[in-house]
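1. Fold the following, please.
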Amino acid sequence: MEPDAQGTRIKLAGHEPPRFVADVMLGRLTRWLRALGYDTLYDITWDDDRLAQIARAEKRILLTRDVQLTRRRGIAYILIQDDKVLNQLRQVILTLNLNDARAFTRCIECNTELEEVSSEDAALLVPPYVLSTQTRFRRCPNCGRVYWRGTHWTRMREVLAELETEDGRE
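-> This is a model prediction of the structure:
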């Protein structure tokens, strides 16, 4: 399958959510996709050969800004067109028709699926104000980071709403 005008060569099968591997230039996009709940691998030490190997072996979509990397055989990819993270996010969302149904389910730092944590267990891990204003917490079983739907969640929802409005997806 040849790339289209958007720099995309993807053939999605089934109804599973897409999984990604991102090159070193896309760390901020990686965090956004993880926040939306999409399994996105990223490591600044991976070279082009390793990225291609992971994309092929795990049937992941490669997110890259490197045209040369897209020329490798057997790789589904999206050639990211913009330097700005919100434009990058817009491109991926529109290309794959992504949504936020899985948001708040992955650690933005290490990509591990989050687990529900009771308020009692969170009490020792979050500031008192957060404990008094939030009732739902999730924790990464790998790195221990704790998440709640605070102002960062509100801001993320606002940005996503703006992207949908700009692209007429309301």
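2. quick one: residue 148 and residue 137 touch, right?
-> Yes. Counting by Cβ atoms under 8 Å, residue 137 is a contact partner of residue 148 at 5.2 Å. The way it works is simple: take the backbone N, C-alpha and C, and place the C-beta from them, glycine included.
3. what about those two, which has more around it?
-> residue 137 (22 against 19; other Cβ atoms under 10 Å).
4. For the most centrally placed residue in the chain, identify the helix or strand it belongs to.
-> The residue lying closest to the centre of the chain (Cα atoms, centre = their mean) is residue 33, at 1.4 Å. Residue 33 is part of helix 27-35 when elements are defined by DSSP states H and E.
5. hey, what's in contact with both of residue 148 and residue 137?
-> Shared contacts of residue 148 and residue 137, defined by Cβ atoms under 8 Å, 6 or more residues apart in numbering, comprise 122, 126.
6. got any ranges where this structure has weak pLDDT?
-> Across the chain, the ranges flagged by pLDDT under 70 are 1-15, 166-170.
7. Please parse it into its domains.
-> 8-96, 115-166 (automatic domain parsing).
8. Run the chain-centre distance for the shortest one.
-> Meaning domain 115-166. Here the centre of domain 115-166 is set off from its chain's centre by 17 Å, with Cα atoms, centre = their mean, to the nearest Å.
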